[in-house]
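>>> Fold the following and give me the result.
(chains A and B, ligands or ions: 2)
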Amino acid sequence: MRFLVDVFNGLRIAFGALRANKLRAGLTTLGIVIGVMTVIMMVVIVMGLNKALKSQLDFLGAETVFVSRWDWQSNNWRDMIKRPDMELDYIDDLRAESREIEAISPFFDQQMTVSYRGAQLSRINIQGVSEEFFLTNPKELAEGRVFTAQEVSRNANVTVVGPDIANQLFPDQSPIGKEIKIGAWNFEIIGVTTKYGKVFGQSWDNFCVIPYGVFQKRFAGQNFDGLTIVAKGRGEDRVEELTWEVTGIMRRLRHLDPREVNDFGINTQSAILEQFNSMTAGVYAGGIIIGFISLIVGGIGIMNIMLVSVTERTAEIGLRKALGAKRWNIAWQFLIESAVICAIGGIVGVALAAGVSQAISSFLPTYMPLWVVLVGVIFSAVVGIFFGLYPSLKAAQLSPIEALRSE
Amino acid sequence: MPDRKSIIDIQDMRKVYDLGTIQVEALRGVNVNILENDYVAIMGPSGSGKSTLMNLIGCLDTPTSGEYILAGERVAHLTDRQLAEIRNRRIGFVFQTFNLLPRASALQNVELPLVYAGESPSERRRRSKEALEAVGLGDRMKHKPNEMSGGQRQRVAIARALVTNPSIILADEPTGNLDSKTGDEIMQLFEKIYANGNTIILVTHEEDIARHARRIIRLRDGLVESDQIVSRAA
Ligand SMILES: Nc1ncnc2c1ncn2[C@@H]1O[C@H](COP(=O)(O)OP(=O)(O)O)[C@@H](O)[C@H]1O
Ligand SMILES: [Mg+2]
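Ligands and ions are numbered 1, 2, ... in the order given. Here you go, the predicted model:
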């Protein structure tokens, strides 16, 4: 209670002194404003980029692992190409041994031309999967149905297509039940998914999903990446456990001894994000260092102005001491003043950063969470306290008579 | 008056200002004993050491040597914190130049010692209003110093000196910046304070002002020249 009263008194004195010296306080705080603004802009842009990437990668699903010959985050193609192929049998083993997997499906893909009567669409992504694929992937149906286990096991020529295909080949009729050609083969459309949108600027809606047995028979030709096993776990928070478990089972299936490295890739959305975050972390750190430097420069400015203020108010300090102020009363008064100047600088910096990030949000993704605002303001106040310390202690040490006589 | 206790006992006090090349002996062995509810005027020519003595009595400064016993306590043994408390609770200062905070209202100026005494805002307000009313400024509480006359400013300063109920009031040339009529009004106020049982020590170089006191101590060249009871004949 006493403490709050002291803080409140200190604030009142500080605001009084600031009001008397608005311009000077304003100029002094410029360094803090710029420092806080730089740090916050950096955080906001990097967080915005990370968040944007995450939403771009949402199509992968946060709770899903992709097991294949390829490590998505490696470009060591020469080594990876020597790895043995993935085998469909792994799927049954994984399903049997895993406690984390909720749904699992093979996944093959290949670019093919799709046509209906005269109309042709080239470079369409053909995906061969099992019926469980639709459980591993957040695709939703706009129309029709997905294929059944029976259709997969008897290699039925059925397909679920993306809305781009449906719209382009059947602009004004329902595509359900229509026969289209994928390459040279006829497939009956049984379902259309909802629109997903773009991923990295490319439409994510022009694909045909077919039973994997059919895919192997018809399309597993050249330029073929081989099998990817898609396994969905029990939730985003368990993706790490899922990754560990699948890695263990895969190493056994591949007969790797403990010294050998994995000869397969375990890919997840979070691993890609981590890699990206570690790239942006450099930019982040750079920005924060620049911000820090300007905060320190700003802090030195504050220290300077506080020293001037102490000198100017020597008589006032003497009077306060004559009336019973203890050293710490005086120290407090100047510390709070310095903290308030800096906190105001921090608030202005945050406000400017918010304005700038709003202005650039149309071409650069930005994201400003509340904690950034709070940290910005609190941190500036801390800078104020740190650089206000020396002037405050100097004021507190003044002998009352020296101070009174200075008038 | 044998039952009055000594409140200020100064023995062989010296104060030397060290200016590097020269040393100024402002006090050269002063002995003064002041009792409770004394009303003392300190007189003497300019540079005789009056202000120096007052500052030492007020615990604003420390002597070069000598003993100072304030209400039974040896001041030399007190910590900085205890000195601040003494200045806050036992001593009220009135300065020649008023020394008010220019941006603060009369009320806020008077509240200042209570802020450092740790009083609650409502208690501060109540007691400050009381003190301002006691000096006849009940209708000037919201005024800033530059909106008041010299006499009014000095009254605010006196209210500030009285607000913590200190037993000792120290006034260094309180009327020095006032015309003689206003000065007289201020002296009436001191008379009232004295009547309330306070100890008053007042520095002045005007005989008319000193006559209000009950006792006059004259300084010359850093020594007590004379120490007399004022005759109340007139
Ligand atoms: N801070 C100081 N530094 C140096 N000399 C001082 C200081 N204060 C007072 N003096 C000297 O000490 C002597 C007494 O001063 P002071 O007590 O102010 O006298 P008075 O108040 O009687 O005019 C004077 O010679 C003055 O010049
Ligand atoms: Mg003097």
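>>> what secondary structure does the most centrally placed residue in chain B sit in?
In chain B, the centroid-proximal residue (CA atoms, centre = their mean) is B:Leu170; its distance is 0.9 Å. Assigned by DSSP: H, G, I helix; E, B strand; the rest coil, the conformation of B:Leu170 is strand.
>>> How confident was the prediction at it?
pLDDT for B:Leu170: 96.
>>> next one: the one 4 residues further on
Taken from the predicted model, the pLDDT recorded for B:Pro174 is 93.
>>> Grab the nearest non-local neighbour of it.
Leaving aside its sequence neighbours, B:Pro174 sits nearest to B:Val94 (CB to CB, 6 or more residues apart in numbering or on different chains; 4.8 Å). No exception for glycine: its C-beta is placed from N, CA and C like everyone else's.
>>> Surely that neighbour and B:Leu170 touch.
Yes. Contact criterion CB atoms under 8 Å: B:Val94 and B:Leu170 qualify, at 7.1 Å.
>>> before we move on, the earlier item: identify the residues contacting the residue nearest to the centre of chain B.
B:Leu170 sits next to B:Met54, B:Ile57, B:Gly58, B:Ile91, B:Gly92, B:Phe93, B:Val94, B:Ile201, B:Leu202 when contact means CB atoms under 8 Å, 6 or more residues apart in numbering or on different chains.
>>> what sits against the fourth one?
Spelled out, that is B:Ile91. So B:Ile91 contacts B:Gly58, B:Cys59, B:Pro166, B:Ile168, B:Ile169, B:Leu170 (CB under 8 Å, 6+ apart).
>>> Show me what it is bridged to.
Beta-bridge partners recorded for B:Ile91 (DSSP bridges): B:Ile168.
>>> Tell me the spacing between it and B:Leu162.
11 Å (CB to CB, to the nearest Å).
>>> which parts of stretch B:30-39 are buried?
Of all the residues in stretch B:30-39, those buried under the rule 16 or more other CB atoms under 10 Å in any protein chain shown are B:Val30, B:Val32, B:Ile34, B:Leu35, B:Glu36, B:Asn37, B:Asp38, B:Tyr39.
>>> Likewise for stretch A:249-268?
A:Ile249, A:Met250, A:Arg251, A:Leu253, A:Arg254, A:Asp263, A:Phe264, A:Gly265, A:Ile266, A:Asn267, A:Thr268.
>>> With respect to A:Val158, which of these is nearest?
A:Asn267 (28.3 Å; CB to CB).
>>> How far away from the center of its chain is the one helix or strand the closest one maps to?
A:Asn267 belongs to strand A:265-268 when assigned by DSSP states H and E. Mean-position distance between strand A:265-268 and its chain equals 19 Å (CA atoms, centre = their mean, to the nearest Å).
>>> How about the next helix or strand after it and chain B, any contact?
Downstream of strand A:265-268, the next assigned helix or strand under DSSP H and E is helix A:269-312. No. Applying CB under 8 Å from any CB of the partner chain, one finds helix A:269-312 separated from chain B by no less than 12.4 Å.
>>> name the helices or strands packed onto helix A:269-312?
Other helices and strands packing on helix A:269-312, by 3 or more CB pairs under 8 Å, 6 or more residues apart in numbering or on different chains; DSSP states H and E, are helix A:22-28, helix A:30-56, helix A:327-360, helix A:370-397.
>>> The shortest one - contacts with which helices or strands?
Using 3+ CB pairs under 8 Å, 6+ apart as the contact definition, the elements that helix A:22-28 packs against are helix A:269-312, helix A:327-360.
>>> who's in contact with residue 24?
Using chain A here. Contacts of A:Arg24 by CB under 8 Å, 6+ apart are A:Ile305.
>>> my bad, the chain I had in mind was chain B
By CB under 8 Å, 6+ apart, B:Val24 lies in contact with B:Val16, B:Tyr17.
>>> Name the next helix or strand following the host helix or strand of it along the chain.
Here B:Val24 sits within strand B:23-35, counting by DSSP H and E. Per DSSP H and E, strand B:23-35 leads on to strand B:39-43 as the next helix or strand towards the C-terminus.
>>> ok, the closest residue to chain B within the stretch 201-350 of chain A - contacts?
Closest residue of the stretch 201-350 of chain A to chain B, CB to the nearest CB: A:Gly324 (2.4 Å). Residues near A:Gly324 by CB under 8 Å, 6+ apart: B:Ala84, B:Glu85, B:Arg87, B:Asn88, B:Arg89, B:Pro113, B:Tyr116, B:Ala117, B:Thr164.
>>> Throw those into JSON lines and include secondary structure, thanks.
JSON lines is the format used below for these (three-state DSSP):
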{"residue": "B:Ala84", "secondary structure": "helix"}
{"residue": "B:Glu85", "secondary structure": "helix"}
{"residue": "B:Arg87", "secondary structure": "helix"}
{"residue": "B:Asn88", "secondary structure": "helix"}
{"residue": "B:Arg89", "secondary structure": "helix"}
{"residue": "B:Pro113", "secondary structure": "helix"}
{"residue": "B:Tyr116", "secondary structure": "helix"}
{"residue": "B:Ala117", "secondary structure": "helix"}
{"residue": "B:Thr164", "secondary structure": "coil"}
